[in-house]
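[1] Fold the stuff below for me.
(one chain, ligands or ions: 1)
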Amino acid sequence: MAWPFRRKREMPEGLWKVCSGCDKYVYKQQIEEALNCCPECGEHFPLSGYPRIDVTADPDSFDEIASDVISKDVLGFVDGKGPYAKKLKKTRAKSRASDACVVGRARIDGVATILGALDFSFMGGSMGYAVGEKVAIALETALAEELPCVIFSASGGARMHEGALSLMQMAKTSAAVHRFKERGRWPFISVLTHPTTGGVTASFSALGDITLAEPKALIGFAGPRVIENTIRQELPEGFQRSEFLMEKGYIDRIVPRNEMRETLSKLFTLLLPIS
Ligand SMILES: [Zn+2]
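    Purely as a prediction, here's the structure:
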C-alpha cells in the first residue's frame, strides 16, 4: 500500500495511533487485525471484557451467564469525586458491561468451557461484590457442568467503594477455586494480563492449576514504589513483569495474544479428564 500522507499533520485523526511500545505511527485497523496488538513491535494493548471474549472464544459460541449480578452502593460511599452510586451509573452508561467482569459458557477450539474476563476499563477492573460473585458463579458452573474454567484477569485490586464487602470477595473467590480443584475434574486456568494487581492477585488469579500471562504484563500486589519505600531497596529491572515472574516460577508460560487460543486448546487436550 502506498504511503498516503506525507506529513504527520496531514494524518486524519482517529485512523492512526502512536504505539506506546515502539513510538511508531500505526494504522488502527492493523492494530485491530492483530487482536489489539502493535503489528510493528507486538505491544499488547488492553482489551476490555467482551472484546477479550471475542478474540478467545469460537465465533458466536459465547453465552453470557450471571449478567444480572450487579454491584450496589450499600455503604453510601462518597469520595473526592462524588457518590459511588453516581459513578457506577455513569460507568455503566459508557460501558457495554454492567460491571468489571463478564462470564459465560463458550467454546474454545470446539471445547466447551466456562470463560470469564475482567474489564480494566470498568473502574480499573476493581473487584467488588459483582466481580467476586461472577467469578464464583463461573467456577461453580464449571464444577456443576464438568467443564474447564478459564478466567482472564486485569485489575487494579479490590473496589474501595465497597469497603469490607470487596475484601470478602477475595475469600469467596479463593474458596470457589478450592472447591473446584477439590471436586472438579478439569483445570482452572488463570490468565494474567496487564495489569493484574491488588486483591485479584492475592486471591483467585494466583490460584490457577495453570497460570498463563500475556507478555510484559504488570503483575503484583502492591505497586513498585510502595515496595521500594517499604523495604528501602532499589528493585531489580523488570520487577513485577511477566518475564521476571516467569523466571521466578510464578507463571507457567507467557503466551502472546495471537497464540492464546491455540495454547488453551493444547492444554485442554493434554489435561482432558480420563472418563
Ligand atoms: Zn509498537
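
[2] Residue of the stretch 151-275 of the chain nearest the ion, please.
    The minimum distance from the stretch 151-275 of the chain to the ion, using Cβ to the ion, falls at residue 216 (11.6 Å). Glycine gets a C-beta too; all of them are placed from N, C-alpha and C.

[3] List the contacts of that residue.
    43, 44, 194, 241, 242, 243 (Cβ atoms under 8 Å, 6 or more residues apart in numbering).

[4] Nearest to residue 252 among those?
    residue 242 (11.1 Å; Cβ to Cβ).

[5] close enough to count as contact, that closest one and residue 213?
    Yes: counting by Cβ atoms under 8 Å, residue 242 touches residue 213, with 4.1 Å between them.

[6] residues shared between the contacts of the two?
    192, 219, 251, 254.

[7] model confidence over the one helix or strand residue 153 maps to, on average?
    Using DSSP states H and E, the element containing residue 153 is strand 149-155. The average pLDDT for strand 149-155 rounds to 98.

[8] what inclination does the helix or strand just after it have with respect to strand 149-155?
    Sequence-wise, the next helix or strand downstream of strand 149-155 (DSSP H and E) is helix 163-183. Helix 163-183 runs at 150 degrees relative to strand 149-155, counting by axes from the mean of the first three to the mean of the last three Cα atoms, to 10 degrees.

[9] Show me what counts as buried in helix 163-183.
    With burial defined by 16 or more other Cβ atoms under 10 Å, the residues of helix 163-183 counted as buried are 165, 166, 167, 169, 170, 172, 173, 174, 176, 177, 180, 181.

[10] what number of residues lie near the closest residue to the first one other than its chain neighbours?
    Translated: residue 165. Once flanking residues are discounted, residue 165 sits nearest to residue 129: 5.6 Å by Cβ to Cβ, 6 or more residues apart in numbering. Counted with other Cβ atoms under 10 Å, residues neighbouring residue 129 total 20.

[11] which ones are touching residue 129?
    By Cβ under 8 Å, 6+ apart, the contact set of residue 129 is 71, 72, 162, 165, 166, 169.

[12] Please enumerate the strands of the stretch 51-200 of the chain.
    In the stretch 51-200 of the chain, the strands defined using DSSP state E, counting those that start in this stretch lie at 63-65, 78-79, 82-83, 101-108, 111-118, 149-155, 188-197.

[13] What strands line up against the third one, and which way round?
    So the one you mean is strand 82-83. Here strand 82-83 has these sheet partners by DSSP bridges: strand 78-79 (antiparallel).
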